[in-house]
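**Student:** sequence plus the predicted model coming up.
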Amino acid sequence: MTYTIYHNPRCSKSRLALKLLRKEGVPLEVIKYLETPPAHGVLLQALKKIGREALLRKGEDAYYQHIRPRLKSLQDDELIDIMTQHPEVIERPLVVAPDGRMALGRPPENIKSIL
(Lines give C-alpha, C1' and ligand atoms only; values in the text may rest on other atoms or scores of the structure.)
Protein backbone atom coordinates (compact mmCIF):
# COMPACT_ATOMS: atom_id res chain seq x y z
CA MET A 1 0.00 0.00 0.00
CA THR A 2 1.46 3.30 -1.16
CA TYR A 3 1.25 6.79 0.30
CA THR A 4 0.95 9.68 -2.14
CA ILE A 5 2.46 13.11 -1.65
CA TYR A 6 1.36 15.99 -3.84
CA HIS A 7 4.66 17.79 -3.83
CA ASN A 8 6.22 21.06 -4.94
CA PRO A 9 10.02 20.71 -4.92
CA ARG A 10 10.39 24.51 -4.61
CA CYS A 11 8.52 24.54 -1.27
CA SER A 12 10.58 23.98 1.89
CA LYS A 13 7.63 22.48 3.82
CA SER A 14 6.96 20.08 0.97
CA ARG A 15 10.63 19.04 0.87
CA LEU A 16 10.63 18.49 4.64
CA ALA A 17 7.45 16.40 4.46
CA LEU A 18 8.96 14.28 1.68
CA LYS A 19 12.11 13.80 3.74
CA LEU A 20 10.02 12.72 6.74
CA LEU A 21 8.08 10.19 4.66
CA ARG A 22 11.27 8.76 3.20
CA LYS A 23 12.82 8.54 6.67
CA GLU A 24 9.77 6.57 7.83
CA GLY A 25 10.37 4.19 4.93
CA VAL A 26 6.77 4.16 3.71
CA PRO A 27 6.07 3.13 0.11
CA LEU A 28 5.65 6.42 -1.65
CA GLU A 29 4.39 7.96 -4.88
CA VAL A 30 5.58 11.52 -5.43
CA ILE A 31 3.40 13.66 -7.68
CA LYS A 32 4.52 17.14 -8.66
CA TYR A 33 1.06 18.60 -8.39
CA LEU A 34 1.80 21.75 -10.39
CA GLU A 35 2.49 19.50 -13.39
CA THR A 36 -0.12 16.83 -12.56
CA PRO A 37 -2.92 18.21 -10.36
CA PRO A 38 -4.74 15.80 -8.05
CA ALA A 39 -7.70 14.00 -9.58
CA HIS A 40 -11.21 15.32 -9.02
CA GLY A 41 -11.99 12.57 -6.48
CA VAL A 42 -8.85 13.30 -4.46
CA LEU A 43 -9.69 17.00 -4.31
CA LEU A 44 -13.30 16.30 -3.38
CA GLN A 45 -12.20 14.10 -0.49
CA ALA A 46 -9.60 16.69 0.58
CA LEU A 47 -12.25 19.41 0.64
CA LYS A 48 -14.43 17.21 2.85
CA LYS A 49 -11.68 15.96 5.16
CA ILE A 50 -9.40 19.00 5.36
CA GLY A 51 -11.77 21.84 4.51
CA ARG A 52 -11.77 24.70 2.03
CA GLU A 53 -9.99 27.20 4.24
CA ALA A 54 -7.04 24.92 4.95
CA LEU A 55 -6.77 23.55 1.42
CA LEU A 56 -6.54 26.89 -0.40
CA ARG A 57 -3.47 29.09 -0.76
CA LYS A 58 -4.91 32.55 -0.30
CA GLY A 59 -1.83 34.50 -1.40
CA GLU A 60 -1.97 33.35 -5.01
CA ASP A 61 -3.21 35.61 -7.82
CA ALA A 62 -5.50 32.84 -9.09
CA TYR A 63 -7.17 32.72 -5.66
CA TYR A 64 -7.98 36.43 -5.81
CA GLN A 65 -9.11 36.28 -9.44
CA HIS A 66 -11.12 33.07 -9.52
CA ILE A 67 -12.03 31.99 -5.99
CA ARG A 68 -12.21 34.77 -3.44
CA PRO A 69 -15.00 36.78 -5.08
CA ARG A 70 -17.25 33.69 -5.13
CA LEU A 71 -15.86 31.43 -2.41
CA LYS A 72 -19.10 31.06 -0.46
CA SER A 73 -21.24 30.45 -3.53
CA LEU A 74 -18.87 28.08 -5.36
CA GLN A 75 -20.07 24.50 -5.43
CA ASP A 76 -17.39 21.87 -4.74
CA ASP A 77 -17.27 20.80 -8.40
CA GLU A 78 -16.74 24.39 -9.54
CA LEU A 79 -14.01 24.92 -6.97
CA ILE A 80 -12.29 21.69 -7.98
CA ASP A 81 -12.35 22.77 -11.63
CA ILE A 82 -10.58 25.99 -10.66
CA MET A 83 -8.08 24.10 -8.49
CA THR A 84 -7.32 21.76 -11.38
CA GLN A 85 -6.87 24.64 -13.82
CA HIS A 86 -4.80 26.65 -11.31
CA PRO A 87 -3.08 24.06 -9.06
CA GLU A 88 -0.95 26.76 -7.45
CA VAL A 89 -3.99 27.54 -5.25
CA ILE A 90 -3.81 24.07 -3.65
CA GLU A 91 -2.04 24.10 -0.29
CA ARG A 92 0.98 21.86 -0.14
CA PRO A 93 2.06 19.28 0.56
CA LEU A 94 -1.02 17.09 0.58
CA VAL A 95 -0.35 13.52 1.73
CA VAL A 96 -2.82 10.70 1.16
CA ALA A 97 -2.53 7.43 3.08
CA PRO A 98 -3.39 4.10 1.43
CA ASP A 99 -6.63 3.97 3.44
CA GLY A 100 -7.70 7.43 2.24
CA ARG A 101 -6.75 9.46 5.31
CA MET A 102 -5.23 12.83 4.39
CA ALA A 103 -3.03 15.45 5.96
CA LEU A 104 -1.43 18.71 4.97
CA GLY A 105 2.26 18.90 5.78
CA ARG A 106 2.09 22.39 7.26
CA PRO A 107 3.96 21.83 9.47
CA PRO A 108 5.48 18.61 8.13
CA GLU A 109 4.90 16.86 11.46
CA ASN A 110 1.15 16.89 10.71
CA ILE A 111 1.60 13.93 8.39
CA LYS A 112 2.70 11.71 11.26
CA SER A 113 -0.98 11.48 12.22
CA ILE A 114 -1.70 9.35 9.13
CA LEU A 115 1.39 7.10 9.22
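**Tutor:** Cool, the structure landed.

**Student:** correct me if wrong: A46 contacts P37.
**Tutor:** No - under the criterion of C-beta atoms under 8 Å, A46 is not in contact with P37, lying 11.6 Å apart. Quick note: C-beta positions are derived from backbone N, CA and C, even for glycine.

**Student:** neighbour count: the two, which is higher?
**Tutor:** Higher neighbour count among A46 and P37: A46, with 24 against 20, using other C-beta atoms under 10 Å.

**Student:** state whether the more buried one is indeed within a helix.
**Tutor:** Yes - applying DSSP: H, G, I helix; E, B strand; the rest coil, one finds A46 inside a helix.

**Student:** measure it to E91 for me?
**Tutor:** 9 Å (C-beta to C-beta, to the nearest Å).

**Student:** give me the common contacts of those two.
**Tutor:** Taking C-beta atoms under 8 Å, 6 or more residues apart in numbering as the contact rule, the neighbours common to A46 and E91 are L55.

**Student:** can you give me the helices in the protein?
**Tutor:** 12-24, 40-49, 52-55, 61-62, 76-85 (DSSP state H).

**Student:** work out the gap between stretch 22-34 and the centre of the chain.
**Tutor:** Distance of stretch 22-34 from its chain centroid, counting by C-alpha atoms, centre = their mean, to the nearest Å, is 13 Å.

**Student:** give the rounded mean pLDDT of that stretch.
**Tutor:** The average pLDDT within stretch 22-34 is 97.

**Student:** residues in contact with that stretch?
**Tutor:** 1-9, 18, 21, 38, 87-88, 90, 92, 94, 115.

**Student:** repeat the analysis, applying 6 Å as the threshold.
**Tutor:** Applying C-beta atoms under 6 Å, 6 or more residues apart in numbering, the contact partners of stretch 22-34 are 2-7, 21, 87, 115.

**Student:** list the contacts of the residue positioned nearest the centre of the chain.
**Tutor:** For the chain, the residue sitting closest to the mean C-alpha position, by C-alpha atoms, centre = their mean, is L94 at 3.4 Å. Taking C-beta under 6 Å, 6+ apart as the criterion, L94 is in contact with 6, 104.
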